[in-house]
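Novice: I would like to see how this sequence folds:
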Amino acid sequence: MKDLIHKIKEYEAISQSLEIPIDDRGLLLDKVKQFTNDFIEDLPEAESFNSKIPDLNKLKIQDNSPKSIDDILSIFKEEVNEPGLRAASGGHVGYIPGGGIYVSALGDFLAAVSNEYAGVSYASPGATAVENEVISWLKKIFSFPKTAVGNLASGGSIANLIALTAARDKHEVKNQHIPKSVIYLSEQAHHCINKALRIIGLEDVILRYLELDEEYKIDTSMLNKQIEVDIS
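Specialist: Residues are numbered from 1 along each chain as shown. The predicted model follows:
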């Protein structure tokens, strides 16, 4: 036991190198603040897409030597920001990535620094309450019933995975029912749907891709007819 305690204290001393003194934190924040301000102010003139190939050698973890914040921000700007899509740009017609909203980034910063865990209520009842409040707000926007429940996912792919798993379990689609079960999809359905079906063991279901109307919505009359055909 003494050896274990000694090891823990030894590792604790090593980990202290990650804890930055308050003066250094202020310097880092000032540098990052200036970088983000420059980035946002440059957006109106910046390219929405750049075919530049990043220098991967600059992005490799080559040794344990730390880099200065100036070097890190320079590499980030030249090898991460500049190549490819600039998703925060108004010239980027949003596909999946949303625009970079400054106050949302500050919210992410607070959540990351405080490291609140909202997975279970007792660990952080306040963070859990915030998540539930956001879900209730979204339920009102989309006219979901008050009895609806859910959680905030990290992105659309995970959200679809959760939704398909919930539907599978709700309707008890067990092994013997899979080949005769049907999933109806828009012609514009994202590939994460197919990936999710493989992950949850439904890759052998029947997929029906339905036509869209002029507003790019599934034609519900065609959907109902196809359901009748499949049931028969």
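Novice: okay, CA-based contacts and neighbour counts for the rest of this
Specialist: Noted.
Novice: Relative to the whole chain's centre, how far out is stretch 122-140?
Specialist: In terms of CA atoms, centre = their mean, to the nearest Å, the gap separating the centre of stretch 122-140 from the centre of its chain is 18 Å.
Novice: can you pull the contacts of L28?
Specialist: I69 (CA atoms under 8 Å, 6 or more residues apart in numbering).
Novice: For it, give me phi and psi.
Specialist: Backbone torsions of L28, given as degrees, to the nearest 10, read phi -60, psi -40.
Novice: That one and I20: what is the separation?
Specialist: 10 Å (CA to CA, to the nearest Å).
Novice: One more: H190?
Specialist: 43 Å.
Novice: Walking through the protein, point out its helices one by one.
Specialist: Along the chain, counting by DSSP state H, helices occupy 2-15, 22-42, 69-75, 102-114, 125-141, 156-170, 191-199, 220-231.
Novice: can you put those in a markdown table and add mean pLDDT and distance to A87?
Specialist: Output for the helices of the chain, formatted as a markdown table (pLDDT from 0 to 100; distance: least, CA to CA, whole Å):
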| stretch | mean pLDDT | distance to A87 |
| --- | --- | --- |
| helix 2-15 | 90 | 35 |
| helix 22-42 | 95 | 12 |
| helix 69-75 | 96 | 18 |
| helix 102-114 | 92 | 14 |
| helix 125-141 | 95 | 24 |
| helix 156-170 | 93 | 17 |
| helix 191-199 | 93 | 20 |
| helix 220-231 | 94 | 33 |
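Novice: Among those, which comes closest to V182?
Specialist: helix 220-231 (8.0 Å; CA to CA).
Novice: Now the closest one: buried residues?
Specialist: Residues L223 are the ones in helix 220-231 that count as buried (16 or more other CA atoms under 10 Å).
Novice: which secondary structure elements does that helix contact?
Specialist: For helix 220-231, there is no helix or strand it packs on, judged by 3 or more CA pairs under 8 Å, 6 or more residues apart in numbering; DSSP states H and E.
Novice: For it, give me every contacting residue.
Specialist: Y184, L210, E211.
Novice: In ChimeraX, how would I pick out whichever of the residues you listed are buried, leaving the exposed ones unselected?
Specialist: Buried subset of the contacts of helix 220-231, written as a ChimeraX selection, criterion 16+ other CA under 10 Å:
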select :210,211
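Novice: do you know how far G201 is from K195?
Specialist: 10 Å.
Novice: what do you get for I158?
Specialist: 10 Å.
Novice: Do me a favour and get the backbone dihedrals for the nearest residue to S181 once chain neighbours are set aside.
Specialist: Spatially, and ignoring its direct neighbours in sequence, S181 is nearest to V205 (5.4 Å; CA to CA, 6 or more residues apart in numbering). Main-chain dihedrals, V205, degrees, to the nearest 10: phi -70, psi 170.
Novice: Give me the neighbour count for V205.
Specialist: 16 (other CA atoms under 10 Å).
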